[in-house]
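Asker: Here is a sequence together with a model predicted from it:
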Amino acid sequence: MKIHDWPTGPYPARVRIAIAEKNLQSRVQFETVNLRKGAHKKAAFLAKNYSGTLPVLELDDGTFMAECTAITEYLDALDGVPTLTGRTPREKGLIHMMSKRAELELLDAISVYFHHATPGLGPDVEIYQNAEWGFRQRDKALKGMHYFNAILESQPFVAGETFSMADITVIGGLIFAKLVELPVPAECGALHAWYAKMQERPSVKNRVTMSELSGTSD
Ligand code: GTS
């Protein structure tokens, strides 16, 4: 399998964390797509992913799969023990809901803020910007941080009692928040404490260097 991504990107981080959690490092190769140069908007890449976003998983049979949630679901199902996306219908539903909420209320909102209300990836890539929309999404993300803080005040992980894809999505959001210098409010103590605990997971700690450690494709 091959992952087309950008090593330090918040969305690529989601799939890198999933790969490490599932111990799939030796089965994956990485190929860097230069976001800063807009390589993800060129025809060659759009043929792999219509949406022009990273990451993309390329299977050995030539199939291209985009969207972090879809890729994580695929990787998680490979060993028949879907710990990240849910083993029971209840787990599956709750994890999907919380991961989607983490996208809507946090990660995607920060992404819109980055692309619309900051220089983003630079003038060659950001051909349309709407700063007002960007700032609204920044405020939405700050509200989202308070929401996830409230969730984590009453349970250890974002979707309940165990680590899941929903935690990974919130981690992606907080990686992006740091990149755009949008700090988690000090009063969000539970979110801060949970994030500090997440940093101790090898999958989170080693995600950027993963490309150097990965083995050959099978
Ligand atoms: N919904 C997509 C997913 O979940 O995979 C979003 C992916 C996404 O936005 N990826 C970012 C991207 O391609 C990568 S990164 O910013 O996290 O590195 N952004 C470039 C762009 O122009 O939108």
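Answerer: Okay, I see it. Residues are numbered from 1 along each chain as shown.
Asker: any idea how far the closest residue to the ligand within the chain lies from Met210?
Answerer: At 2.0 Å from the ligand, Gly9 is the closest residue in the chain, using CB to the nearest ligand atom. C-betas here are computed from N, CA, C, even on glycine. From Gly9 across to Met210, the span is 13 Å (CB to CB, to the nearest Å).
Asker: ok, for the residue of the chain closest to the ligand, nearest residue in space, not its chain neighbours?
Answerer: Leu54 (6.1 Å; CB to CB, 6 or more residues apart in numbering).
Asker: before we move on, the earlier item: dump the residue contacts of the residue of the chain closest to the ligand.
Answerer: Contact partners of Gly9, counting by CB atoms under 8 Å, 6 or more residues apart in numbering, are 35, 54-55.
Asker: Could you export the residues you listed as a markdown table, including secondary structure, pLDDT and distance to Ala77?
Answerer: A markdown table is the format used below for the contacts of Gly9 (DSSP: H, G, I helix; E, B strand; the rest coil; pLDDT from 0 to 100; distance: CB to CB, whole Å):
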| residue | secondary structure | pLDDT | distance to Ala77 |
| --- | --- | --- | --- |
| Leu35 | coil | 94 | 28 |
| Leu54 | coil | 98 | 22 |
| Pro55 | coil | 98 | 17 |
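Asker: Nearest to Glu132 among those residues?
Answerer: Leu35 (24.5 Å; CB to CB).
Asker: ok, how many other residues are close to Lys41?
Answerer: 15 (other CB atoms under 10 Å).
Asker: how about the nearest residue to it, chain neighbours excluded?
Answerer: Gly52 (5.0 Å).
Asker: got a list of what that neighbour touches?
Answerer: 40-41, 45-46.
Asker: Just the buried ones from those residues, in PyMOL syntax?
Answerer: Buried subset of those, written as a PyMOL selection, criterion 16 or more other CB atoms under 10 Å:
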select buried, resi 40+45
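Asker: so of the contacts of Gly52, which ones are in strands?
Answerer: Counting by DSSP state E, the contacts of Gly52 place none of their members in strands.
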